[in-house]
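[1] model the structure of this input:
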Amino acid sequence: MKIILKIARAELRTLFFSPIAWVVIVVFFVISGMQFVTPLMDGARIQEIEKTNSPGWNGFTGPLTINMFLGTLGQCLKYLYLFIPLITMGIINREETSGTMKLLSSSPVRIREIVLGKYLGLQGFNLALMSAVGLLLFTGYLTIQNAEPLWLLSIMLGLFLVSSTYMAIGLFISCLTNYQIVAGIITFLAFFVLEIAGGFFQHYDFIRDLTWFLQISGRTETMIAGLITTKDLFYFLLIIALFLGLAMIKLKSKHESKKWTVAAGRNMTLITLVLLLGYASSRPGYIGYLDVTRNKLNTIDPATQAVLKELDGSPVTVTLYTNLLGANLPFGVPNARNAYIQNFWSKYIRFYPNIKLKYEYYYDIPKGDSMLYKAFKNKSIHHIAKQFARMSKNDLDLFQKPGEINKQVDLSREPMRLVMELKYKEKKTLLRTFDFIIWPPEPVVSASVMKLTRNLQPEVKFTAGHYERSPWRNGEREFGSHTNNTLMAPAMINNGMMADTVSFLHGSLVDKPKLLVVADPKSALEKTEQDSILRFIEEGGNAMFYAEPGKQQMLNPVLNKIGVNLEDGKLLYNKHNTGNADHIRGAMTRAGAYLAKESAMHLYQLDPKYGISSFFPGAAVINYVDTNGFVIEPIFTLAGNKNAWIEKGYVQEDSAASVFEPEKGDIQRDEYVIGIKMTRQVNNREQRIIVMGDADFMTSGYSSGGAIGLGLYSWLTNNEYPVYTRIIEHKDVFLTIGRNTGKVLWYVFVYAIPGLLLIAGTILLIRRKRK
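    Presented below is the predicted three-dimensional model:
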């Protein structure tokens, strides 16, 4: 060990007596300072402006601990593999050309001690480089209010490990040639190859796994994101050990008179050992995780974790079905497989390692879809598939022909896009992908898992027979967008609820659903239908009623029996004297905001200053009295004022603006109720009912409920579905400095400190030369 330390001290002394080393330190500090301080200076300026113009400003979006430096950290990594070859290119070959290596090898100094001593000296220089980044991150910690110190330490660890790895690679390459410039160029190329290795030959399983393991990019990003894993730690340590070992073997072979096969055998043994250890350290179930972020940003939500705990340890087989002619093809092909695992499944495998991944490829077109046939006129599906395979650079032989995939999975009701099938014991369910976000969010994954672990799903039955809003159609007035549209991630079908239609024309239901929905019937309900709905309510069933102005008489015969009346007329609000006075923005009450955990509702629950409103394109006003044991509370209201009233006459939307005319029966009130919730105890359980004075607000034209989403349905199904994830409020959203302090920091880090370093280096080099 003493010899290693002596060699390290000598190497460190040599480095700091080199002009190149000081140039690298000064330039790296200047560039890093500019990259780090510029966002701080800009952020301080923006914060001052926002606080001046908006006294209630809530701060920056997201955690400043990472957002302030995310772009600069990427630049910092690029500069590392730009500067490190300049330091390592002569680390070994300098000794070879000067003859020092022969003297060392003839002395009682072993090759291992030489390599480790050299590398330890490089690590001393590495610490000097990292101290620049550390000082900048420490400044960030002081200038960001409530910054996360553990996150900053994770960033430092990631940068230190990647720079240490680069130095080990550079040291090995320095053993390969006696020409420093050549060694530097080869080192640049090696860094570049390792940076993009994950994109090479990804169509082949073995090569894909090998290159993915060797790829450096992505390992550091994980630590920069605040997640430290044993897999990444082992990766860096193994790569460092690999290249140091290769350097030792290379130097040893130079001073031995043995066949080249001996060195080749040693190299192969070392490489095999490293790959085996890398494989073992990355096996699911054997990886340790440490999420150092305050809000556990790299960890699935506790609600999702609870759903995964419902699995009993039996394998969950996930089969990814990729259609060559379907949507999201680039995310399902073989060369995207590692990204699919890493970016989507790895966070779930962390908590349930027994997830087995399979892959199937096919080409087919949904029945009735003629778009491709029109684009490729007079061409068969096989010819079309051949063209798609050529354009996407995939082997057509990999894909099963039309109809063959039907033997494995039923996709007849699917649009034949990229989809996953989950199999657990004897149960199966589909997990869909979507446009833009591609992979399903956590609530959708949780819903799919719950289909496997639970025997029943909540059934939501929509009444039919009177031109009600349909859960199966996606037209302008229909409800399909938030119920059975498989392409919409927030839809019921993707969140564990089963929506269907039911008719009461032939009497009561035999199998009572979890929730009954009566959505804006256009014609009057028969007496038998009214009685059946009332019987369902009397027996404690949960129900949802959507009304529309002008059709109050369709629902009042039922609602009047439970203490609710839809008032004649239409609610108007004409503040700007326009022709669309019936477009109301109703405010959600506190009682409404606590119905569920939809994002806007959850945000209100965390801080009531975040109000919730929904857009109602025409609404009926609801009157009510507590009766039959119901406790009734408003969930949507419009505050009374001079611009709002209940219009009793006919409203012509495309004519002149409506005006309040009390002589014609128009009414003004202090408050107008647009939606209510009703609760009572029936058979030792809470019965829940919601009545809304508008139905259009839940159509796709009005964002399917906007901020409240499936919140009303969630409450009516006892908040079992959807499985909501928490809203994260970040604390580090303000800076502690102003723009003037930001300017001072700029001069300190860009001019003052680098200037002092330059002076110190110059003095040291001059004194060294004189001696």
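[2] which stretches of the stretch 651-771 of the chain form strands?
    671-682, 685-692 (DSSP state E, counting those that start in this stretch).
[3] show me which positions of the last one end up buried.
    In this case it means strand 685-692. Gln687, Arg688, Ile689, Ile690, Val691, Met692 (16 or more other CB atoms under 10 Å). (C-beta placed from N, C-alpha, C; glycine too.)
[4] cool, stretch 373-391 as well?
    Applying a neighbour-count criterion of 16+ other CB under 10 Å, the buried positions in stretch 373-391 are Ile381, Ile384, Ala385, Phe388, Ala389.
[5] out of the residues you listed, who's nearest Ile216?
    Ala389 (31.9 Å; CB to CB).
[6] tell me the centre residue of this protein?
    Pro441 (7.6 Å; CA atoms, centre = their mean).
[7] listing request: residues of the stretch 451-600 of the chain with sub-threshold pLDDT.
    Low-confidence segments of the stretch 451-600 of the chain (pLDDT under 70): 507-510, 575-579.
[8] hmm, the residue nearest to the centre of the chain is touching Ala489, no?
    Yes: between Pro441 and Ala489 there is a contact under CB atoms under 8 Å: 6.1 Å.
[9] in the buried residues of strand 685-692, find the pair that's most separated.
    Gln687 and Met692 (17.5 Å).
[10] next SSE downstream of the helix or strand bottoming out on mean pLDDT in the chain?
    Taking mean pLDDT, DSSP states H and E as the measure, the chain has helix 100-106 as its least confident helix or strand, at a mean of 64. Using DSSP states H and E, the helix or strand that follows helix 100-106 towards the C-terminus is helix 111-143.
[11] elements contacting that next one?
    helix 2-16, helix 19-53, helix 70-88, helix 100-106, helix 149-174, helix 230-254, helix 739-747 (3 or more CB pairs under 8 Å, 6 or more residues apart in numbering; DSSP states H and E).
[12] contacts for the first one, please.
    Surrounding helix 2-16, the residues in contact under the criterion CB atoms under 8 Å, 6 or more residues apart in numbering are 21-22, 87, 91, 109, 113-114, 116-118, 120-125, 764.
[13] could I have it exported to PDB, CA atoms only?
    Extracted in PDB, the C-alpha atoms of helix 2-16 (Å, rounded to 0.1, in the frame of the first residue of the first chain):
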ATOM      1  CA  LYS A   2       2.900   2.400   0.800                       C
ATOM      2  CA  ILE A   3       4.300   1.900  -2.700                       C
ATOM      3  CA  ILE A   4       0.800   2.600  -4.300                       C
ATOM      4  CA  LEU A   5       0.600   5.800  -2.200                       C
ATOM      5  CA  LYS A   6       4.100   6.900  -3.200                       C
ATOM      6  CA  ILE A   7       3.300   6.300  -6.900                       C
ATOM      7  CA  ALA A   8       0.000   8.200  -6.500                       C
ATOM      8  CA  ARG A   9       1.800  11.200  -4.900                       C
ATOM      9  CA  ALA A  10       4.400  11.200  -7.600                       C
ATOM     10  CA  GLU A  11       1.700  11.100 -10.300                       C
ATOM     11  CA  LEU A  12      -0.400  13.800  -8.700                       C
ATOM     12  CA  ARG A  13       2.700  16.000  -8.400                       C
ATOM     13  CA  THR A  14       3.500  15.400 -12.100                       C
ATOM     14  CA  LEU A  15      -0.100  16.300 -13.000                       C
ATOM     15  CA  PHE A  16      -0.100  19.600 -11.100                       C
END
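[14] buried ones in that helix?
    Applying 16+ other CB under 10 Å to helix 2-16 flags Ile3, Ile4, Ile7, Ala8, Glu11, Leu12, Leu15, Phe16 as buried.
[15] got the angle between that helix and helix 70-88?
    For helix 2-16 against helix 70-88, the angle by axes from the mean of the first three to the mean of the last three CA atoms, to 10 degrees is 110 degrees.
[16] do the same with the longest one
    In this structure, helix 19-53 runs at an angle of 170 degrees to helix 70-88, with the same axes, to 10 degrees as the basis.
[17] buried ones in helix 19-53?
    Those would be 21-22, 24-26, 28-33, 35-37, 39-41, 43-45, 47-48, for helix 19-53 by 16+ other CB under 10 Å.
[18] rewinding a little: dump the buried residues of strand 685-692 to TSV, plus distance to Leu710 and pLDDT.
    Shown next, in TSV, are the buried residues of strand 685-692 (distance: CB to CB, whole Å; pLDDT from 0 to 100):
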residue	distance to Leu710	pLDDT
Gln687	20	97
Arg688	15	98
Ile689	17	98
Ile690	12	98
Val691	17	98
Met692	14	98
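[19] just name the closest of the residues you listed to Pro557, please.
    Val691 (13.8 Å).
[20] quickly list what the closest one is bridged to.
    Phe545, Ile676 (DSSP bridges).
[21] that one: what's it in contact with?
    Neighbour list for Val691: Met544, Phe545, Ala547, Leu559, Val564, Ile622, Gly675, Ile676, Met678 [criterion: CB under 8 Å, 6+ apart].
[22] what does Gly288 give?
    Thr229, Thr230.
[23] against Phe234, how distant is it?
    The spacing between Gly288 and Phe234, counted by CB to CB, to the nearest Å, is 10 Å.
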